[in-house]
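S.K.: Predicted structure and sequence below. I'll ask about it afterward.
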Amino acid sequence: MRGFDGLSSSNYSRTRPLYPAEFYYWLFQQVNASSVVWDCACGTGQASVDLAAYFDQIEASDISESQINAATPHRRVTYQVSPAEMTHYPDQHFDLVCVAHALHWFDLDAFWKELKRVLKPGGLFVCWGYNRLLIGEAEDHAISQHVMPLLAPYWPQQSRLLWNEYRDIIFPLDLIDVPEFELVCHWSVAQVKDFIFSWSGAQEFIVQHGEDALLTSLEPLEKAWRTSNQKQDVNLPFFVKAGRFN
């Protein structure tokens with residue numbers, strides 16, 4: 001998973017939300033359970049293992065060797081280190097290709113060619129992600145006023161594709177209608193802070209300036225948290241793009 005920076009693979013995995021079960025069930029309805037599935041840019045296998053609950057064979061790849069080494073084992077998942085744009089998978093091998101919260105890091109021209117090579121005729125491509133977090137009026141204000149301005153100069157250009165829900169990407173497929181899904185986590189303020197630390201912009205800021213200023217910027221969030229020692233719902237607006245080659 002490109003964009004993985006200073007966090008260890010285990011910490012990165014720990015801070016990331018789980019994707020909605022309803023979304024995986026929708027995927028299951030689009031192709032057969034016996035389908036061969038590629039989880040591209042799989043990271044530590046978060047989506048790979050969830051997909052294995054529905055499909056018989058998951059091939060999972062990531063460009064990061066450390067991510068693959070830390071990936072969660074599963075009898076239906078085969079992991080390998082590989083860039084998204086050039087793999088050793090056979091031609092017309094996959095019924096379903098998934099990219100979870102990573103498409104914005106790819107060399108898209110090269111990836112579309114590889115996708116067309118490995119996807120079976122009529123096969124489905126699906127990518128998804130989330131682009132902000134919504135907690136409550138006071139908490140959201142603390143983040144927007146104190147954290148985001150600090151990190152603004154440190155976001156990679158690719159993140160802007162994610163923020164706009166991939167609307168700026170030209171997909172060379174016939175896109176299909178996808179239902180709306182909710183991604184809601186029940187997190188403590190400490191978990192939200194860990195999640196913010198995992199952002200690419202935060203990691204780049206830490207590389208250049210250390211953690212102290214970022215920790216200070218998070219103090220208003222701690223003060224705004226409605227229930228200081230308790231968890232509350234955190235909404236991460238979730239979007240999906242799916243399509244087939246014509």
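M.R.: Yep, that arrived.

S.K.: What average pLDDT does the longest strand seen in the chain get?
M.R.: When the chain is parsed with DSSP state E, its longest strand is strand 119-130. Mean per-residue pLDDT for strand 119-130: 97.

S.K.: residue contacts, the closest residue to Ser82 other than its chain neighbours?
M.R.: Excluding its sequence neighbours, the residue lying closest to Ser82 (C-beta to C-beta, 6 or more residues apart in numbering) is Ser61, at 4.1 Å. Bear in mind the C-beta positions are built from the backbone N, C-alpha and C, glycine included. Shown in contact with Ser61 (C-beta atoms under 8 Å, 6 or more residues apart in numbering): 38-42, 68, 79-82, 84, 87.

S.K.: Can you flag which of those residues belong to helices?
M.R.: Among the contacts of Ser61, the members found in helices (DSSP state H) are Ile68.

S.K.: any chance you could map the strands in the chain?
M.R.: Applying DSSP E to the chain gives strands spanning 36-40, 57-62, 77-81, 94-100, 119-130, 174-175, 184-187, 232-235, 238-244.

S.K.: wait, which of those is closest to His146?
M.R.: Proximity to His146 (C-beta to C-beta) singles out strand 232-235 among the strands of the chain, at 17.3 Å.

S.K.: contacting residues around the closest one?
M.R.: Residues contacting strand 232-235 (C-beta under 8 Å, 6+ apart): 133-136, 182-187, 192, 225-226.

S.K.: Residues in a beta bridge with the residue nearest to Asn246 when sequence neighbours are not counted, which ones?
M.R.: Spatial nearest neighbour of Asn246, excluding adjacent residues (C-beta to C-beta, 6+ apart): Asp174 at 5.0 Å. Beta-bridge partners recorded for Asp174 (DSSP bridges): Arg244.

S.K.: Can you name the residues that contact Asp174?
M.R.: Counted by C-beta under 8 Å, 6+ apart, Asp174 has contacts 243-246.

S.K.: Throw the contacts of Ser61 into a markdown table and include distance to Leu150 and neighbour count, thanks.
M.R.: Shown next, in a markdown table, are the contacts of Ser61 (distance: C-beta to C-beta, whole Å; neighbours: other C-beta atoms under 10 Å):
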| residue | distance to Leu150 | neighbour count |
| --- | --- | --- |
| Trp38 | 37 | 27 |
| Asp39 | 34 | 28 |
| Cys40 | 32 | 32 |
| Ala41 | 28 | 28 |
| Cys42 | 31 | 30 |
| Ile68 | 32 | 20 |
| Tyr79 | 36 | 22 |
| Gln80 | 38 | 13 |
| Val81 | 34 | 13 |
| Ser82 | 35 | 18 |
| Ala84 | 31 | 25 |
| Thr87 | 38 | 17 |
